[in-house]
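Peer 1: One predicted model, sequence on top.
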Amino acid sequence: MHLVHDRFSPLRSGARRTRARELPRRDPHDSRPWRPGRTLPAGRPAGTPGQGRAYAKSRPARGLPREPGRRHAAPRAAHAGGNRCLRESAARRLKHVTNSRALCIVGAGAAGLWAAARTASFGVPTLLLEKTPRTGTKVLASGGTSCNLTTTLASGPASALFGKKGARFLRTALRVLSPMDVRERLHGLGVATVEAPLEKVFPASRRARDVRDALERWAREAGAEIRPNARLMELRPKNGRWSLGLETGEELLADDVILASGGKSYPRTGTTGDGYAWLESLGLELVPPVPALVALSSPAGWVHELAGIALENVRVHLTRGGKTIRRRARPVLFTHRGLSGPGVMDLSDAIARAKENGEDLPQLHLDLVPGSDREEVRRALRKIEARRGAPLLRRALAEGLAEPLPRRVVRAVLVQAGCGGGMRTNELTRPQRHLLVESLKGLTVPVDATLGFDRAEVTAGGLALSEVDPGTMAVRRYPGLFVCGELLDLAGPIGGLNFQAAFATAELAARAVSCG
């Protein structure tokens, strides 16, 4: 027995040493990946030279796949002898049968390219199917074509931003492949990275194409076959394997399938939600997909009049029944249709989910002075009221707070508080002062919808996390089927977190397939 440590294994990030796995020594002439419970071919006794040991009765510990290269020579091709078991294995694992594959990965986006590169690196014959003419179309469009590829946050804080369920589900994935691991891997592929505000990480060139090209080159050089214009229409189990029916009428057979086809956001890039139909046909539980990281529309004319104003220091609250259900401290941008910016987009899935369920929409409030509590705002207003000359309230308010506000925003605050635009500071009554404090600490902005999947950066919803093993990304009810990336019910905020989740879940799926 010997220990195998992958370069990106949990041991590298300080996990307990008990996570080291043991692999049985294998026949150097046998190209088949080891699977738990595999027996020797019939008629060959245990201990026969060149055949290693029998593992039928005692189940060995599962192992991490080998990193190709150092100290590990690639196994030679299987014998072409007369043993029926070996002949069937060669036909199944190699490409001697044109429609038979060891592994098919569906979707050549961020998750699909990463998974293909990793499985091919581990020696698994890999076919990557992409329905569009090119790979990584959504990667090219991400971050305004700059590609916010991961986050500066550590694994723990990063996973926490996916909510309670998402954090539990991603704990292993982000421990195995941390944001720093992603940056190191890309650096090794020739893509230097730089940090930016709001915990973002970009390629130093600020070109998304560099990231896409590096991932595709990595997959091809590792040995993965990439087939563009190959749209999957049907996925079903068949005789212990997987049947993949393509739009051309061709049927592929595979031992394992990794679904990385993405969600429904930015459908012009090819992510039209095809994967949901495949999963639904298998009877798996789906959380209805809704747009996320998307701008909101508002029916209020005064909101449209503020178009172009950006508030950098603001806290956004969503409330229902007077209770805060979500909050986010990020910049907000007023647009000609409503609200945008990270602070609003990070919470947009809650609006979309309520609308999908036919519920009353949560109310959205902007805390315009998050650095001051209500008592501090009251004291500031009293100082403004005491000014000599009784200046206009809107002018004094724009300059007299601890955090200056644009005058057009102040005018909207005064209207919501019931104060006229021509009111003087000495005319402010006590009830009006109270309403003014509440408006500054929670300006209510009416919203009625999101701008939909066409404008959404990611999809919230998808395959229910309870259907998937978080340590392998394997679908619990279907051996040989794995799901990763946006097709899962995971949606994080802006800041490279969704790319990080895609890479990390793809890493686990690739390892699981390679381990067998």
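Peer 2: Happy to help now that I have it.

Peer 1: Residues contacting stretch 163-178, please?
Peer 2: Contact with stretch 163-178 is made by 8-10, 13, 15, 154-156, 158-162, 465, 468, 470-471, 473, 488-492, 500-501, 503-505, 507-508, 511, as judged by C-beta atoms under 8 Å, 6 or more residues apart in numbering. Where you see a C-beta, it was placed from the backbone N, CA and C, and this is true even at glycine.

Peer 1: buried set for it?
Peer 2: Using 16 or more other C-beta atoms under 10 Å as the test for burial, stretch 163-178 gives 163, 166-167, 169-178.

Peer 1: Now tell me which helix or strand of this protein has the poorest mean pLDDT.
Peer 2: The helix or strand of the chain with the poorest confidence is strand 22-23; it has a mean of 34 (mean pLDDT, DSSP states H and E).

Peer 1: hang on, the earlier thing: ok, of the buried residues of stretch 163-178, which one's closest to V201?
Peer 2: Lowest distance from V201 to the buried residues of stretch 163-178 (C-beta to C-beta) belongs to S178, with 12.1 Å.

Peer 1: Including secondary structure, pLDDT and distance to V314, could the buried residues of stretch 163-178 go into a markdown table?
Peer 2: Below are the buried residues of stretch 163-178 laid out as a markdown table (DSSP: H, G, I helix; E, B strand; the rest coil; pLDDT from 0 to 100; distance: C-beta to C-beta, whole Å):
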| residue | secondary structure | pLDDT | distance to V314 |
| --- | --- | --- | --- |
| G163 | helix | 95 | 22 |
| G166 | helix | 98 | 25 |
| A167 | helix | 98 | 25 |
| F169 | helix | 98 | 31 |
| L170 | helix | 98 | 28 |
| R171 | helix | 97 | 31 |
| T172 | helix | 98 | 35 |
| A173 | helix | 98 | 32 |
| L174 | helix | 98 | 29 |
| R175 | helix | 97 | 34 |
| V176 | helix | 98 | 36 |
| L177 | coil | 98 | 33 |
| S178 | coil | 98 | 31 |
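
Peer 1: out of these, who's nearest A196?
Peer 2: After measuring those against A196 - C-beta to C-beta - the closest member comes out as S178, at 18.5 Å.

Peer 1: and the one helix or strand R411 maps to, what does it pack onto?
Peer 2: Using DSSP states H and E, the element containing R411 is helix 407-416. Where contact means 3 or more C-beta pairs under 8 Å, 6 or more residues apart in numbering; DSSP states H and E, helix 407-416 is packed against helix 301-305, helix 393-400, helix 430-441, strand 443-445.

Peer 1: what mean pLDDT does that helix have?
Peer 2: On average, the pLDDT along helix 407-416 is 91.

Peer 1: follow-up on the earlier one: looking at the buried residues of stretch 163-178, which one is closest to P446?
Peer 2: Nearest member of the buried residues of stretch 163-178 to P446, counting by C-beta to C-beta, is G163, at 25.9 Å.

Peer 1: The spatially most distant residue from the centre of the chain: what's it in contact with?
Peer 2: Relative to the centre of the chain, and counting by C-alpha atoms, centre = their mean, the farthest-placed residue is G389 at 56.6 Å. Going by C-beta under 8 Å, 6+ apart, G389 touches no other residue.

Peer 1: T425 versus that one, what's the distance?
Peer 2: Using C-beta to C-beta, to the nearest Å, we find G389 at a distance of 9 Å from T425.

Peer 1: for A396, same thing?
Peer 2: Distance from A396 to T425, by C-beta to C-beta: 5 Å.

Peer 1: so what sits against both of these two?
Peer 2: In contact with both A396 and T425: I384, R387, using C-beta under 8 Å, 6+ apart.

Peer 1: residues touching K238, list them.
Peer 2: Here K238 is in contact with L253 (C-beta under 8 Å, 6+ apart).

Peer 1: quick one: it and D256, what's the gap?
Peer 2: To D256, K238 is 13 Å away according to C-beta to C-beta.

Peer 1: Same check on V369?
Peer 2: Relative to D256, and taking C-beta to C-beta, V369 is found at 55 Å.

Peer 1: what about these two, which has more around it?
Peer 2: Set side by side, V369 and D256 show more neighbours around D256, with 25 against 20, by other C-beta atoms under 10 Å.

Peer 1: part of a strand, is the more buried one?
Peer 2: Yes: counting by DSSP: H, G, I helix; E, B strand; the rest coil, D256 is located in a strand.

Peer 1: which ones are touching it?
Peer 2: D256 neighbours (C-beta under 8 Å, 6+ apart): A102, L103, C104, W242, G480, L481, F482, V513.

Peer 1: With adjacent residues omitted, what lies nearest to the fifth one?
Peer 2: Leaving aside its chain neighbours, G480 sits nearest to D256 (4.7 Å; criterion: C-beta to C-beta, 6 or more residues apart in numbering).

Peer 1: Test my guess that V257 contacts Y478.
Peer 2: No: using C-beta atoms under 8 Å, V257 makes no contact with Y478, being 9.0 Å away.

Peer 1: ok, these two, which is more surrounded?
Peer 2: More neighbours surround V257 than the other of V257 and Y478, with 27 against 18 (other C-beta under 10 Å).

Peer 1: host element of G358?
Peer 2: Counting by DSSP H and E, G358 is part of no helix or strand.

Peer 1: ah, wrong one, I meant G112
Peer 2: Judged by DSSP H and E, G112 forms part of helix 110-121.

Peer 1: Now do that helix: which elements does it pack against?
Peer 2: Checking 3+ C-beta pairs under 8 Å, 6+ apart, helix 110-121 ends up next to strand 100-106, strand 126-129, helix 208-222, strand 251-259, helix 497-515.

Peer 1: so which of those gets nearest A292?
Peer 2: Between those, helix 497-515 lies closest to A292; by C-beta to C-beta that is 8.9 Å.

Peer 1: quick one: the closest one to chain centroid distance?
Peer 2: Mean-position distance between helix 497-515 and its chain equals 11 Å (C-alpha atoms, centre = their mean, to the nearest Å).

Peer 1: re the thing from before, now the angle from the helix holding R411 to helix 430-441?
Peer 2: Relative orientation of helix 407-416 and helix 430-441, computed by axes from the mean of the first three to the mean of the last three C-alpha atoms, to 10 degrees: 130 degrees.

Peer 1: Could you check the angle helix 407-416 makes with helix 393-400?
Peer 2: With the same axes, to 10 degrees defining the directions, helix 407-416 sits at 120 degrees from helix 393-400.

Peer 1: Only alpha carbons, please: show helix 407-416 as CSV.
Peer 2: What follows is helix 407-416, C-alpha atoms only, in CSV (Å, rounded to 0.1, in the frame of the first residue of the first chain):
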residue,chain,number,x,y,z
ARG,A,407,-28.8,66.5,-3.6
ARG,A,408,-31.2,64.6,-5.9
VAL,A,409,-31.2,61.7,-3.4
VAL,A,410,-31.8,64.1,-0.5
ARG,A,411,-34.8,65.5,-2.4
ALA,A,412,-36.3,62.0,-2.7
VAL,A,413,-35.7,61.5,1.1
LEU,A,414,-37.5,64.7,1.9
VAL,A,415,-40.5,63.8,-0.2
GLN,A,416,-40.8,60.4,1.5
